[in-house]
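K.L.:
Please work out how this folds:
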Amino acid sequence: MTIALPAFRSASGPTRRSPRPRHLAGLLAIAGSLLTAASATAQDLTRRAKPQEMPIAVVNASVHPVSGPPIPNGFVRFADGKISEVGSMEGGRMFTADTVIIDAAGKHVYPGLIGPYTQLGITELGSVRATRDFNEAGDITPEVYAAVAVNPDSTLLPVTRTNGVLAAGVFPTGGTMPGRASAIVMEGWTWEDMTVKRDLGLVVSWPFMRTVRAAWMDRSEEEQLREIRTSLERIRETFRTAQAYADRKAAAPDTTPTDVRYEAMRSVMPARGPSSDPASPGPLTPPALPLFVEAADYDQITSAIAFSKQFGVRIIIVGGRDAPLCADLLKANNIPVIISGTHVMPKRDDSDYDEPYRLPARLHAAGIPFAIASGEETPHERNLPYVAGMAAAHGLPRDVALRAITLSAAEILGIADTLGSLQPGKSATLIITDGDPLEVGTNVERAFIRGSEITLRNKQTDLADKYREKYTPGSPAAPKPADAPAPR
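P.N.:
Residues are numbered from 1 along each chain as shown. Predicted coordinates:
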């Protein structure tokens, strides 16, 4: 867009441009920001898959149910978006005449991979605030659901699913209680279409429990300790108020005004049952949903566990870099961990170089249930299988590594009744590959979400094809070699 600026003629020379008026400079800044936001939120142009119309059977493949041993020469049959049968082809297997047969001889069938901790669909470009919907205004917003903010046209979704990641836990971040996590699949016209489970539980960002003595820290230890105590008390006071609200609501539902914030917290609080004695409260029943506590350090994890026992809440640790240091405590309280990646640097100066790579193996040896998240920035969530592959290369059994990004992830998120394994009755969300998905050289050749075959094309594959054509020798678009210089 070209904007003509006013001109004037000076007394001593030719015409020149006048300085920009302040209001015009402001308009230009606004226009620039709008153009940047528009380019950042460009819609994904891939077509949506049609609902499954005919039964489909993938046959003659190595089937990896995850919930059981691999089936070397097996098949998976699914209809109406759900798996109907998983079995072996040995001895022959006949299917109904209306079944579409996919011969996958030499190929492998796996359940769709699950990223247990992501911001997929709620962020696009980190440098553009308009595309970052993961951080709600306010420090404590338990009534916010991540799924509602998911953008179905995000260009990051097709890129991620091209590598076999077909489902994800979407977590809000920012603030002490940024909201509630949701589970989605990577296909759908609207956020409602994509949502597997709208409410997985409440996300709590646990405060850092130690003071910092680094040169860049401009606050005294006393100030830091005061801030830590204030943050912890804010969490405790919120839960005390939520418990009082839940008790009052249970005792007098018709006369207790509804508070949206504390109403949203009732599912993560222990419920008070009826009492035969009006003078004494009834028994507490466990909460329906967990707290996802973002905590990496030993002090954070142990503080969160003490809090969970005080308030009777169920927690899942997200991060867990120091989880092996308090493995006995985690195991005794049956607390799972979502590991935030293995492609990170060692945490301490005296840590072994492979300390982050061996973290999953250490938790597995300790008997602690865990899942593996990519730990990557959102545009790179497609690297999830390689993060698990790194753990497999450093002591974690390969089948456990695969489980950590499929069935274990589904179990921890509370969606194992739908996703995570190839079993009759579950969603037909699966991938067909030419090898082990934990290996970088493996290609995902076909993918299905809820029985519908989805395209594996995306913006990046289209750009790759475009520039391969440009630089292919003999192509009309190929750059021509420069003429040789004339001899002197």
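K.L.:
Please, where are all the helices along the stretch 301-450 of the chain?
P.N.:
Assigned by DSSP state H, counting those that start in this stretch, the helices in the stretch 301-450 of the chain fall at 327-332, 355-366, 384-392, 398-404, 407-413.
K.L.:
What mean pLDDT does the shortest one get?
P.N.:
Across helix 327-332, the average pLDDT comes to 96.
K.L.:
what packs against that helix?
P.N.:
Counting contacts by 3 or more C-beta pairs under 8 Å, 6 or more residues apart in numbering; DSSP states H and E, helix 327-332 packs against helix 298-311, helix 355-366. Yep, even glycine has a C-beta here, placed from its N, CA and C like the rest.
K.L.:
okay, these, which one's buried deepest?
P.N.:
helix 355-366 (a mean of 21; mean count of other C-beta atoms under 10 Å).
K.L.:
can I get the CA coordinates of that helix in CSV?
P.N.:
The C-alpha atoms that make up helix 355-366 are tabulated as CSV, following Å, rounded to 0.1, in the frame of the first residue of the first chain:
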residue,chain,number,x,y,z
GLU,A,355,21.4,-37.0,32.0
PRO,A,356,18.3,-35.8,30.1
TYR,A,357,18.5,-38.7,27.7
ARG,A,358,18.4,-41.2,30.6
LEU,A,359,15.6,-39.6,32.6
PRO,A,360,12.8,-41.7,31.1
ALA,A,361,14.8,-44.9,31.7
ARG,A,362,15.4,-43.9,35.4
LEU,A,363,11.7,-43.3,35.9
HIS,A,364,10.9,-46.7,34.2
ALA,A,365,13.4,-48.5,36.5
ALA,A,366,11.8,-46.8,39.5
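K.L.:
Remind me what that helix packs against, helices and strands.
P.N.:
Contacts defined by 3+ C-beta pairs under 8 Å, 6+ apart place helix 355-366 against helix 327-332, strand 337-340, strand 370-373, helix 384-392, helix 398-404.
K.L.:
For residue 55, which of these is the nearest?
P.N.:
Counting by C-beta to C-beta, residue 55 lies closest to helix 398-404 out of these; the figure is 27.0 Å.
K.L.:
With only the CA atoms kept, save that closest one in CSV.
P.N.:
The C-alpha coordinates for helix 398-404 follow below in CSV (Å, rounded to 0.1, in the frame of the first residue of the first chain):
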residue,chain,number,x,y,z
ARG,A,398,11.9,-49.6,22.8
ASP,A,399,8.4,-50.8,23.5
VAL,A,400,8.2,-48.6,26.6
ALA,A,401,9.4,-45.6,24.6
LEU,A,402,6.7,-46.2,22.0
ARG,A,403,4.1,-46.6,24.8
ALA,A,404,5.3,-43.3,26.3
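K.L.:
buried ones in it?
P.N.:
Neighbour counts using 16 or more other C-beta atoms under 10 Å place 400, 401, 402, 403, 404 of helix 398-404 among the buried residues.
K.L.:
What pLDDT is listed against the residue lying closest to the second one once chain neighbours are set aside?
P.N.:
Spelled out, that is residue 401. Once flanking residues are discounted, residue 401 sits nearest to residue 392: 3.9 Å by C-beta to C-beta, 6 or more residues apart in numbering. pLDDT, residue 392: 97.
K.L.:
what do you get for residue 19?
P.N.:
If you check residue 19, the pLDDT there is 44.
K.L.:
Residue 452 against residue 80, yeah?
P.N.:
No. Judged on C-beta atoms under 8 Å, residue 452 makes no contact with residue 80 at a distance of 10.8 Å.
K.L.:
Now do the contacts for the nearest residue to residue 195 once chain neighbours are set aside.
P.N.:
What sits nearest to residue 195 in space, not counting adjacent residues and going by C-beta to C-beta, 6+ apart, is residue 147, at 4.7 Å. Applying C-beta atoms under 8 Å, 6 or more residues apart in numbering to residue 147 gives the contacts 170, 182, 183, 184, 191, 194, 195, 198.
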